[in-house]
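Novice: My questions concern the predicted model and sequence given below.
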Amino acid sequence: MNEQYLKSLKSSFDKDGYVYIPGFLSLKEVQDLNENVQRFIAEKIPAMSASHYFYEDKNDIATLKQMQDLEKYDPYFKALAVDSKFEAIAKALLDEDVVCKTVEYFNKPPKIGKPTPPHQDGYYFMLDPQQAVTMWLALEKADEENGCVKYVKGSHLKGMRTHGRTATLGFSQQIVDFGTEDDVKNEIAFPANPGDLLVHHSLTIHRAGANTTADRTRKAMGLIYWGESAKEDKVAKERYMEQLAKEREKV
């Protein structure tokens, strides 16, 4: 990645709140990543904190929908995120040194993969300033039928919207007034092929549809980076996590 290319990405990111990088990983690299995801599922889930993985149906292991903090459990995923080309993109877009906060796995199982509600990641992060990016890497084909990502262009420039509770496991908050004329006019869907990378600002509004297909999954990786200037409101975050844990106990 040369300097001019990174500057071009930075310009688009600042204007739109996201960038799309097709073919960021080769098909061979995606195959290797998929194999390591499957190895991780087989080897590591038994030792993981129960708060770090979720199923659409907790009685059916085939419906695994999300895993968090993979880099804390396995050196392969730490190497994926730290001192890597993913990190280089994050540094260029935030224009400062960064810290990887988590490596995640997402899936929408066929027929039952629920919509991801419209939200801003920064609501969960509770940062000042909101200097953070989320990366979404397609592990297989994603489209409107199985739930590709959708962004509201330029929404990162308009501040934090009001969020409220959802019943969606793994995504506890959503924008309560989503669907304004501005939202509808500026929302863009991003179908993706294996190896394509999407990166968005922590204030960019985004969502994804349900998986309505009968036999296709929608698997992806997520990597979150905070700029070194971002400071977390730890008291508010701890209070939020305690409340979330109480609500999960009721499910």
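Specialist: Cool, got the structure.
Novice: tally of neighbours for residue 231?
Specialist: 12 (other CB atoms under 10 Å). No exception for glycine: its C-beta is placed from N, CA and C like everyone else's.
Novice: mind checking how far it is from residue 242?
Specialist: Distance of residue 231 to residue 242, computed by CB to CB, to the nearest Å: 20 Å.
Novice: Likewise for residue 229?
Specialist: For residue 229, the distance to residue 242 - CB to CB - is 27 Å.
Novice: next one: residue 227
Specialist: 27 Å.
Novice: Among those two, which residue is more densely surrounded?
Specialist: For residue 227 versus residue 242, the count of surrounding residues by other CB under 10 Å is larger for residue 227: 21 against 10.
Novice: Please tell me how far the most centrally placed residue in the chain sits from residue 236.
Specialist: Geometric centre of the chain, nearest residue: residue 222, 4.4 Å, by CA atoms, centre = their mean. Computed as CB to CB, the residue 222 to residue 236 distance reads 23 Å.
Novice: cool, and residue 224?
Specialist: Taking CB to CB, one finds residue 224 at 18 Å from residue 236.
Novice: what about these two, which has more around it?
Specialist: Between residue 224 and residue 236, residue 224 has the larger neighbour count (other CB under 10 Å), namely 22 against 10.
Novice: and that one, what are its bridge partners?
Specialist: Following DSSP bridges, residue 224 is listed with bridge partners residue 102, residue 134.
Novice: Isn't it up against residue 136?
Specialist: No - with contact defined as CB atoms under 8 Å, residue 224 does not reach residue 136; the gap is 10.2 Å.
Novice: For residue 219, give its distance to residue 84.
Specialist: Distance of residue 219 to residue 84, computed by CB to CB: 20 Å.
Novice: Then residue 96?
Specialist: 17 Å.
Novice: Same check on residue 115?
Specialist: Relative to residue 84, and taking CB to CB, residue 115 is found at 31 Å.
Novice: do the same with residue 49
Specialist: Distance from residue 49 to residue 84, by CB to CB: 25 Å.
Novice: Comparing these two, which shows the higher neighbour count?
Specialist: residue 84 (14 against 10).
Novice: What residues does the residue lying closest to residue 106 once chain neighbours are set aside make contact with?
Specialist: In space, and not counting its chain neighbours, residue 106 is closest to residue 220: 4.8 Å by CB to CB, 6 or more residues apart in numbering. Neighbouring residues of residue 220 by CB atoms under 8 Å, 6 or more residues apart in numbering: 105-107, 136-139, 142.
Novice: Same check on residue 187?
Specialist: By CB under 8 Å, 6+ apart, residue 187 lies in contact with 150-153.
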